[in-house]
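Asks: Next come a sequence and a model predicted from it.
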Amino acid sequence: MIRTIFKNIISDTVLRIVFAIFLILWIFKPMNINDIDLDTIIILFNLMLIISLVKRAKILAYISNSIINHVQTTRQITAYITITSFVLSMFVTNDVSIITLVPLYLLIAKKLRLPLVYPTVLITIAANLGSAFTPIGNPQNVFLVEFYHISIKTFFANSFVLLILGLLSLLVLILLSENKQLQKTATESIEVNLMHLLMIIGLFILVLLAQFSVFSIWLDTIITVVVVEMFSPKSIADVDYSLLFSFVFFFLIVGMLSRIDLIVALIHQFMDNRVHTYITSIITSQFISNVPSAVLLSKFSADFTSIYYGVSIGGLGTLVASLANLLAYKQISVNAPHVSGNFLKQFTLINIILLLVLSLLKIILI
């Protein structure tokens, strides 16, 4: 198991790039170990363990089969899979939603001869928008809540706006999808263990309480690890340790960047009010991704709301704006390489249009 974990860590491309950037910056600026937000790393570790339990309990497979058994048209299956991505990403993160649902949809699409590209683009958009609604939906939310010590009430008061905007956006995009009759297809019978389901729900509640400092993070970690070790020891190896190490280096890199005078001056210049902070969060997300953007900009502003909206909406747009986008493209490249070019074109076009529309709507609301 340890060999498998180590192999996955050293073979991860994102981690290699982040580590290379860290080494280059280390030549010019010393690192500070205090830049690492340990609470965020631990919360992410606990979430990954729980998510592994969800996958091994076949809960997602059960939901997917239910979708197939209740649809009659291509638009219905697009709607079901898109809304499933939207809702699931709130609890199992946008990355896991993509990793799980995109290959699943491509498999179904090939079997039933469904469109490959447009629904996959919608799954990706839905994962990014849905994950913004909960404090555990994506890594940047986990970090921002921990960093700014945001209450549950404050967080959901802000995220509810994105929930409504996200649902309206997806409704329009779903209505633009192809609408043809589907042939009925058989699915294997899958049963979900009720005790395992209740156990997973309990662990989700504990990690949420720990995130908002209602429950001890360390005690939550001990409980989560013990439960996983008892019911599914192999889940320990399923954790994406390369992503955790990437976050460690993200924190160190951002800390070093925040001590470079030129960068400090530039960021301060572009974050002199709420709208500018919001726009800066969106623009930086397009180039360095929304997670590093959240970590970097939080060091220069106490305005949680503007940064939260900026990096959430900023996950739309370019392929690198969110790790979930890159994961979706990777799944397409592996499972349907002949449409990867078309996916990139449609993804970029739809995402940029949606980014511009939602950005302007939020500026009006700000």
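Replies: All right, it came through fine.
Asks: So in the chain, where's the weakest helix or strand by average pLDDT?
Replies: helix 2-10 (a mean of 63; mean pLDDT, DSSP states H and E).
Asks: Find me the pLDDT at Ile352, would you?
Replies: Note on Ile352: pLDDT of 96.
Asks: Around it, how many other residues sit close by?
Replies: The local packing of Ile352 (other C-beta atoms under 10 Å) involves 14 other residues. Placement of C-beta: from N, CA and C, glycine included.
Asks: number of nearby residues for the closest residue to it other than its chain neighbours?
Replies: Using C-beta to C-beta, 6 or more residues apart in numbering and skipping residues adjacent in sequence, the residue nearest Ile352 is Gly317, 5.8 Å away. Using other C-beta under 10 Å as the criterion, Gly317 is surrounded by 25 other residues.
Asks: which element is Gly317 on?
Replies: For Gly317, there is no enclosing helix or strand under DSSP states H and E.
Asks: Quick check: it touching Ile283?
Replies: No: between Gly317 and Ile283 there is no contact under C-beta atoms under 8 Å: 9.3 Å.
Asks: mind checking the longest helix of this structure?
Replies: Longest among the helix segments of the chain by residue count, using DSSP state H, is helix 340-365.
Asks: Which strands or helices does that one pack on?
Replies: helix 117-131, helix 152-175, helix 274-288, helix 304-313, helix 323-335 (3 or more C-beta pairs under 8 Å, 6 or more residues apart in numbering; DSSP states H and E).
Asks: among these, which is the most enclosed?
Replies: helix 117-131 (a mean of 28; mean count of other C-beta atoms under 10 Å).
Asks: Tell me what angle it forms with helix 152-175.
Replies: 170 degrees (axes from the mean of the first three to the mean of the last three C-alpha atoms, to 10 degrees).
Asks: Show me what helix 117-131 packs onto, helices and strands only.
Replies: Against helix 117-131 (3+ C-beta pairs under 8 Å, 6+ apart) you get helix 74-92, helix 94-112, helix 152-175, helix 323-335, helix 340-365.
Asks: Could you export it as PDB, CA atoms only?
Replies: In PDB, the C-alpha atoms belonging to helix 117-131 read as follows (Å, rounded to 0.1, in the frame of the first residue of the first chain):
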ATOM      1  CA  VAL A 117     -19.000  16.600 -25.700                       C
ATOM      2  CA  TYR A 118     -21.800  19.000 -24.600                       C
ATOM      3  CA  PRO A 119     -23.100  16.900 -21.700                       C
ATOM      4  CA  THR A 120     -19.500  16.500 -20.400                       C
ATOM      5  CA  VAL A 121     -19.000  20.200 -20.500                       C
ATOM      6  CA  LEU A 122     -22.200  20.600 -18.500                       C
ATOM      7  CA  ILE A 123     -21.100  18.000 -15.900                       C
ATOM      8  CA  THR A 124     -17.900  20.100 -15.400                       C
ATOM      9  CA  ILE A 125     -19.700  23.400 -15.200                       C
ATOM     10  CA  ALA A 126     -22.200  21.900 -12.700                       C
ATOM     11  CA  ALA A 127     -19.400  20.500 -10.500                       C
ATOM     12  CA  ASN A 128     -17.700  23.900 -10.300                       C
ATOM     13  CA  LEU A 129     -21.000  25.800  -9.600                       C
ATOM     14  CA  GLY A 130     -22.400  23.300  -7.200                       C
ATOM     15  CA  SER A 131     -19.200  22.900  -5.100                       C
END
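Asks: what does the average pLDDT come to for the next helix or strand after it?
Replies: Per DSSP H and E, helix 117-131 leads on to helix 139-148 as the next helix or strand towards the C-terminus. Average pLDDT, helix 139-148: 90.
Asks: Could you do stretch 281-301 as well?
Replies: The average pLDDT for stretch 281-301 rounds to 88.
Asks: Now do the end-to-end distance for it.
Replies: 11 Å (C-alpha to C-alpha, to the nearest Å).
Asks: Now tell me what touches it from outside.
Replies: 37, 138-140, 143-144, 147-148, 247, 250-251, 253-255, 257-258, 264, 267-268, 271, 277, 280, 306-307, 309-315, 317-318, 320-323, 355, 359 (C-beta atoms under 8 Å, 6 or more residues apart in numbering).
Asks: Same check on stretch 251-263?
Replies: Under C-beta under 8 Å, 6+ apart, the answer for stretch 251-263 is 18, 21-22, 25-26, 28-37, 264, 292, 295-296, 299-300.
Asks: mind redoing it with 6 Å?
Replies: Stretch 251-263 is touched from outside by Ile21, Phe22, Leu25, Lys29, Met31, Asn32, Asp35, Ile36, Asp37, Val295, Leu296, Lys299, with contacts defined as C-beta atoms under 6 Å, 6 or more residues apart in numbering.
Asks: Give me the distance between the residue positioned nearest the centre of the chain and Lys58.
Replies: In the chain, the centroid-proximal residue (C-alpha atoms, centre = their mean) is Asn94; its distance is 3.1 Å. Shown here: Asn94 relative to Lys58, a distance of 21 Å by C-beta to C-beta, to the nearest Å.
Asks: All good on my end, thank you.
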